Structures are given as C-alpha cells and as structure tokens.
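A.B. asks: Okay, here's the prediction I keep looking at, along with the sequence it came from:
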Amino acid sequence: MLDAYNGHLCICLKVTLALQQLLLEDSRFFKTPYSGNKGWVSLIADGQLDWSEVRRLIGESYALVATERSKRG
C-alpha cells in the first residue's frame, strides 16, 4: 500500500515479526500505525530507493497477505 504519513510518502508492507524487528533497526522504516503489531512496517519513500529491495519486500508482503487470505477461505 502507498500512503502519506506525517508528511512522508510511505510504502506499507506486511512482513514476518522477525523481519520487522530487523527492518526497524533501519531509520527508513517504522511500525505502520494501527497494524504494526501484526507485522506491518512502513518504508519512507521520499528519497532515493533501492528498487530491487522494494521489489523483493513487496513480493514477500504479497505472499504473506495472500497466504493469510487463503487460510480464511
């Protein structure tokens, strides 16, 4: 999801809780408000981005969300 938060353009991503902890050590990431406790992080996208990193994170996020949806039926 692409969103604006506190004046920043952000890409919101679903990640595992273990990966979330690693990403939060990087100042470009923060827990997504209201859903951060469920593994969502936001990447501040105002500046230069590593698009291969973004592509990988979006793919992993999509896979996690799709898996959760298929379990709900």
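C.D. replies: Done, it's in.

A.B. asks: Where does pLDDT dip in the chain?
C.D. replies: Residue ranges of the chain with pLDDT under 70: 73.

A.B. asks: mind listing the strands for it?
C.D. replies: For the chain, the strands defined by DSSP state E cover 2-5, 8-14, 29-31, 40-44.

A.B. asks: For the shortest one, which residues meet the burial criterion?
C.D. replies: Residues of strand 29-31 classed as buried under the neighbour-count rule (16 or more other CB atoms under 10 Å) are F29, F30, K31. Heads up, the C-betas are built off the backbone N, CA and C, glycines and all.

A.B. asks: Let me see the contact set for the last one.
C.D. replies: Same thing as K31. The contact partners of K31, by CB atoms under 8 Å, 6 or more residues apart in numbering, come to Q20, L24, N37, W40, V41, S42.

A.B. asks: Using PyMOL, make a named selection holding only the buried ones among those residues.
C.D. replies: To isolate the buried ones among the contacts of K31 in PyMOL, judged by 16+ other CB under 10 Å, type:
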select buried, resi 20+40+41+42
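
A.B. asks: quick one, what contacts V15?
C.D. replies: L23, G39, W40, V41, L57, E60, S61, L64.

A.B. asks: Without its sequence neighbours, what residue ends up closest to the last one?
C.D. replies: Counting by CB to CB, 6 or more residues apart in numbering, the nearest residue to L64 once its immediate chain neighbours are dropped is K14, at 4.7 Å.

A.B. asks: just checking, the one you found touches V65?
C.D. replies: Yes: between K14 and V65 there is a contact under CB atoms under 8 Å: 5.3 Å.

A.B. asks: Can you give the contact residues for the longest helix belonging to the chain?
C.D. replies: For the chain, the helix reaching the highest residue count under DSSP state H is reported as helix 51-72. For helix 51-72, contacts defined as CB under 8 Å, 6+ apart pick out I11, L13, K14, V15, T16, L19, G39, L43.
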